[in-house]
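>>> output the structure for:
(one chain, ligands or ions: 1)
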Amino acid sequence: MPLSPQQTQQFEERGWISPIDILSNSEAAQLLEQYTQAEAEFGEHLHSENRNNAHLQFEFLADIVRHDLIIDAARSLVGSDIVLWSTVMFVKEPHSSAFVSWHQDATYMGLEPDNFVTAWLALTPSNPETGCVAVVDGSHRNGRAAHTDLYEPDNILTRGQTISGVDISTTSNLVLAAGQMSLHHPWLIHGSLPNRSSQRRIGLAMQAYMGSDVTPTRGDHHVMHIAGAPIRREFITASAPTGHFETDTATRAAANRALSNVLYDGAELRRKL
Ligand SMILES: O=C(O)CCC(=O)C(=O)O
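I've put the predicted structure just below:
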């Protein structure tokens, strides 16, 4: 179902929409079960230093990123020709100090113009206790903010890129039940606090669904086709998983290498991705 006019207006004015129902309770439980099983079986391919682009290796995640309701929502914002740039599994273990510093997604992505949107799907409840995503309402309208790379060990972001001076008392929490999704604008300032609960907080960030006018400003970009016109030649096609483990591992590894080069462009240090 496309977004309503009220939802698209909220996106324009506030930079986010939440919550949006995507999966039923039983579908969400099944997705969590599939993810947990994949972690147990293929631990080397799904852990805190290997959490990018898992949708290129695991079919159940490739199916989710092409879920009709998610595509409909993305289409309402970026148009009908859509590719997916990458995904990140944002996992916070119970009572862990992992956090995400205040940042804007578009800062390090090497893409222009900003006709793209991040979708964040909750596999487990995401709320203030579990460390949900919080946003600075309307901050996307102020353009690019200065970031400093802090590389704190508990910061989940690659370079620990941080916008200073965000007053947490003014942020809005995007509270989601498992199976619900939020959408945020590439210039919206957002982050998240540690998980103080006794359950895992797991989200799949589809980062980002891009419209047909978006082009790279630097680096190689491996993208998956989602809807409409074929992938343009400015991008490298990342095929959906084939079910052949070696092929899918290689596809994901190539995409992650290119992604790492883009995200760390100009950085003094590199962490493992
Ligand atoms: O999962 C989180 O806590 C942060 C997610 C995030 O930064 C993003 O989806 O862009």
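>>> alpha carbons of the longest strand along the chain, as PDB, please.
In the chain, ranked by residue count with DSSP state E as the criterion, the top strand is strand 201-210. C-alpha atoms of strand 201-210 as PDB (Å, rounded to 0.1, in the frame of the first residue of the first chain):
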ATOM      1  CA  ARG A 201      17.300  -5.500  19.900                       C
ATOM      2  CA  ILE A 202      17.700  -6.400  16.200                       C
ATOM      3  CA  GLY A 203      16.900  -4.200  13.200                       C
ATOM      4  CA  LEU A 204      17.400  -4.600   9.500                       C
ATOM      5  CA  ALA A 205      18.300  -1.200   8.000                       C
ATOM      6  CA  MET A 206      17.700  -1.100   4.300                       C
ATOM      7  CA  GLN A 207      20.000   1.800   3.500                       C
ATOM      8  CA  ALA A 208      18.900   3.000   1.200                       C
ATOM      9  CA  TYR A 209      16.200   2.700  -1.400                       C
ATOM     10  CA  MET A 210      17.300   5.000  -4.200                       C
END
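>>> can you get me the centre-to-centre distance for the helix or strand following it and its chain?
Using DSSP states H and E, the next helix or strand after strand 201-210 towards the C-terminus is strand 215-216. Counting by Cα atoms, centre = their mean, to the nearest Å, strand 215-216 is centred 18 Å from the centre of its parent chain.
>>> who are the packing partners of strand 215-216?
strand 111-112 (3 or more Cβ pairs under 8 Å, 6 or more residues apart in numbering; DSSP states H and E). Using the backbone N, CA and C atoms, a C-beta is placed for each residue, glycine as well.
>>> if you count contacts, what does the helix or strand following the strand it packs on end up packed against?
Toward the C-terminus, strand 111-112 is succeeded by strand 116-122 as the next helix or strand (DSSP H and E). Using 3+ Cβ pairs under 8 Å, 6+ apart, the elements in contact with strand 116-122 are helix 68-78, strand 180-184, strand 201-210.
>>> would you turn those into CSV with mean pLDDT, distance to residue 10 and mean neighbour count?
As requested, those are exported to CSV (pLDDT from 0 to 100; distance: least, Cβ to Cβ, whole Å; neighbours: other Cβ atoms under 10 Å):
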stretch, mean pLDDT, distance to residue 10, mean neighbour count
helix 68-78, 98, 11, 19
strand 180-184, 98, 10, 25
strand 201-210, 97, 17, 25
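>>> now for those, which one comes closest to the ligand?
Within those, the stretch nearest the ligand is strand 201-210; the backing value is 3.5 Å (Cβ to the nearest ligand atom).
>>> ok and that closest one relative to strand 180-184, angle-wise?
Strand 201-210 and strand 180-184 are oriented at 50 degrees to each other (axes from the mean of the first three to the mean of the last three Cα atoms, to 10 degrees).
>>> skipping adjacent residues, who's closest to residue 11 in space?
residue 17 (5.3 Å; Cβ to Cβ, 6 or more residues apart in numbering).
>>> from one end of stretch 154-169 to the other, what's the distance?
Taking Cα to Cα, to the nearest Å, stretch 154-169 runs 22 Å from one end to the other.
>>> close to the ligand, is that stretch?
No: legend: contact between stretch 154-169 and the ligand by Cβ under 6 Å from any ligand atom is lacking; minimum distance shown is 6.9 Å.
>>> list the buried ones in that stretch?
The neighbour-count check on stretch 154-169 (16 or more other Cβ atoms under 10 Å) flags 155, 156, 157, 158, 159, 160, 161, 162, 163, 166 as buried.
>>> isn't the fourth one right next to residue 261, touching?
Read that as residue 158. No: if you go by Cβ atoms under 8 Å, residue 158 and residue 261 don't touch, sitting 11.5 Å apart.
>>> and the stretch 1-150 of the chain, which residues reach the ligand?
So far as Cβ under 6 Å from any ligand atom goes, the stretch 1-150 of the chain lies against the ligand at 90, 100, 105, 118, 120, 133.
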